[in-house]
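Participant: requesting a structural model of the entry that follows:
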Amino acid sequence: QVRLVESGGGLVQTGGSLRLSCAASGTTQSFNIMGWYRQAPGSERELVAAMTASGMTNYADSVKGRFTISRDITKNTVYLQMNSLKAEESDVYYCYAERSDGCTGWGCPGAYRYWGQGTRVTVSS
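Facilitator: A predicted model of the protein is given here:
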C-alpha cells in the first residue's frame, strides 16, 4: 500500500525558510507527478508546486521565485524549499503523488492521486 510521509514543517519567523520532504513507501514504481498543496482552515486546498518525472514544474504565482520543488526519482521523494515565508502562508501542507497508466506529464486522464497526512507550517509575524 502506498504511503506518503511528510516532514520538515514547523515554526519559522516571517522571512525565514523551511524545507519540506515527502517520501513515498509501499511501491517501487515512480510517480508521474509529485507535488504539494496547502490548506488553511475553512479554505480549499490550493496547489503550491508540482513536478513531473521529466522535470517539468508548475508553481502557484504567489510562490514563484521563493519556493523550489525538487524530486529524487530513485527515492520516490519530493522536496519543497520555501524561502522568504510570509505569515499568510501558515497552513497545513500536503504532499501528493499522481500515477496514471501509459501517460506522462500534466492532465493525464484517469490519474490516481495519493495524499500524505499533512505537515503544519506556522510563520510568525
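
Participant: bridged to Lys59, which residues?
Facilitator: Rather than Lys, residue 59 is Tyr. Counting by DSSP bridges, Tyr59 forms beta bridges with Ala49.

Participant: tally up the residues packed near it, please.
Facilitator: Around Tyr59 there are 18 other residues, counting by other C-beta atoms under 10 Å. Placement of C-beta: from N, CA and C, glycine included.

Participant: against Pro109, how distant is it?
Facilitator: 24 Å (C-beta to C-beta, to the nearest Å).

Participant: now Val121
Facilitator: 32 Å.

Participant: who has more neighbours, the two?
Facilitator: Remark: of Val121 and Pro109, Val121 carries more neighbours, 21 against 8, as counted by other C-beta under 10 Å.

Participant: assign the more buried one to helix, strand or coil.
Facilitator: Under DSSP: H, G, I helix; E, B strand; the rest coil, the three-state class of Val121 is strand.

Participant: now it: how far from Arg71?
Facilitator: The spacing between Val121 and Arg71, counted by C-beta to C-beta, is 20 Å.

Participant: now swap in Tyr112 and tell me
Facilitator: In terms of C-beta to C-beta, Tyr112 sits 18 Å off from Arg71.

Participant: neighbour count winner among these two?
Facilitator: Per other C-beta under 10 Å, whichever of Tyr112 and Arg71 has more neighbours is Arg71, with 22 against 13.

Participant: show me the strands in this protein, by range?
Facilitator: 3-7, 10-13, 18-25, 33-39, 46-52, 57-59, 67-72, 77-82, 91-99, 112-115, 119-124 (DSSP state E).

Participant: check contacts around the residue nearest in space to the middle of the chain.
Facilitator: Among the residues of the chain, the one closest to the centroid is Trp36, at 2.0 Å (C-alpha atoms, centre = their mean). By C-beta atoms under 8 Å, 6 or more residues apart in numbering, the residues touching Trp36 are 20, 22, 47-50, 69, 78, 80, 93-96.

Participant: do Ala24 as well
Facilitator: Val2, Arg3, Leu4, Phe31, Met34, Asn76, Thr77, Ala97, Tyr114.

Participant: all set, thanks.
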